[in-house]
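S.K.: Return atomic coordinates for the entry below.
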Amino acid sequence: MPTETSLPTPVRLEPGVQRERTLAHETRADTLTAGWRARRQSGEKHAIEDFLFTYYPIKPSILRRWHPGVGTAIEWPENRELPTRYMRLADGTITVDATSLLRDRARLIDFVEFLLTRTGERAARFDCFGLHEWAMVYKQDPEQIRHNGVPLRLSPSATDAVVESHRVGCSHFDTYRFFTPEAEPLNRLSPTRENQPEMEQAGCLHAGMDLYKWIAKLGPLVPGELLLDSFELARDIRTLDMQASPYDVSSYGHAAVAIETDAGKAEYVRAQRGFTERSNAIRERVLAVIAAARAEVASTPLDLPRDASVGAA
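M.R.: Sure thing, here's the model as predicted:
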């Protein structure tokens, strides 16, 4: 077990820089969550954007809370409550208590590190064409469809025909588990919670969106700016996800990416490649944060966990 004597002296952020970064972060977070907060008051639904706050149950207040990340100290009054339990107060500054955080969340952090490493190493695939959303409505009656307040672009029979005329190849378990029972056997892959680190690949839109989830779970280890970068990535991916879906999202101001056509497939893959680059860049930043935390406490990774609770959304 590492001791406090192994901790290097953190870099101390100048007060002016701290104030600037805090204000910029809070302003950015407020802008990103403004729509959701307004809809909470009005009761309005948004089939694209609400996903980021319902599937990922991360509160706007968490997004708004700025942290400088591991290895950086910021000013903090002695009588002020600490922003999280994983902070250390000394000499009027606070730093991340990486020792406690890595100890208490060891299984999670080991899993995230292993999953993101393997995902980045594996060749990205660009042949799924977003058919997962189609497989989620396959053979369903209109009242059964998840977003039944949003019309389909095609008739139910034509929607089913798109699924049947393609080779469905979803590699992401937390997407595949929402396939309709009739669509499940049409998937040529068999993703499970247990084989997730072996199946995940960077071309998958949902693997890119899930970076937001993993980063949020790392808490104050991660700079606040990286958390918001991952939220923006998830927002942009979610938009393409629904544009390429069988739903008509024109009422939200987005044109369809008609993946049932050759032109739509090409458009989808172009966007998918761009998101893969953005996702891999964020993966590298997350892995660098974990490596810095491990170096700070001279930690040795534990065995890779395999329980379902770690990988679940």
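
S.K.: Give the helix, strand or coil label for E260.
M.R.: Under DSSP: H, G, I helix; E, B strand; the rest coil, E260 falls in the coil class.

S.K.: doesn't E164 make contact with it?
M.R.: No - with contact defined as CB atoms under 8 Å, E260 and E164 do not form a contacting pair (11.4 Å). All C-beta atoms are positioned from the backbone trio N, CA, C, and that covers glycine.

S.K.: Between these two, point out the one with more neighbours.
M.R.: The residue with more neighbours, out of E260 and E164, is E260; 21 against 13, by other CB atoms under 10 Å.

S.K.: ok, which stretches of the stretch 201-313 of the chain are helices?
M.R.: 205-217, 224-243, 262-297, 308-311 (DSSP state H, counting those that start in this stretch).

S.K.: in this protein, which spans are strands?
M.R.: For the chain, strands defined by DSSP state E occupy the ranges 11-12, 72-75, 87-90, 93-96.

S.K.: Please work out which of those strands is packed deepest.
M.R.: Across the strands of the chain, averaging neighbours per residue (mean count of other CB atoms under 10 Å) puts strand 93-96 on top, at a mean of 23.

S.K.: In the sheet, which strands lie alongside that one, parallel or antiparallel?
M.R.: Applying DSSP bridges to the sheet, strand 93-96 is found paired with strand 72-75 (antiparallel), strand 87-90 (antiparallel).

S.K.: Could you list the residues in contact with the first one?
M.R.: This means strand 72-75. Identification of contacts with strand 72-75 by CB atoms under 8 Å, 6 or more residues apart in numbering yields 10-13, 15, 18, 68, 92-95.

S.K.: tally of neighbours for R21?
M.R.: R21: 17 surrounding residues under other CB under 10 Å.

S.K.: so it makes contact with P68?
M.R.: Yes - contact criterion CB under 8 Å: R21 and P68 qualify, at 7.3 Å.

S.K.: shared neighbours of the two, which are they?
M.R.: Common contacts of R21 and P68 (CB under 8 Å, 6+ apart): 13, 224.

S.K.: now the helices for the stretch 51-200 of the chain?
M.R.: 51-54, 60-64, 98-104, 106-121, 131-135, 156-164, 173-176, 196-199.

S.K.: Pick the most deeply packed of the helices of the stretch 201-313 of the chain.
M.R.: For the helices of the stretch 201-313 of the chain, the largest average neighbour count (mean count of other CB under 10 Å) is found in helix 205-217, namely a mean of 23.

S.K.: That helix: how far from the chain's middle?
M.R.: Helix 205-217 has its C-alpha centroid displaced from the chain centroid by 2 Å (CA atoms, centre = their mean, to the nearest Å).

S.K.: Then stretch 55-75?
M.R.: 15 Å.
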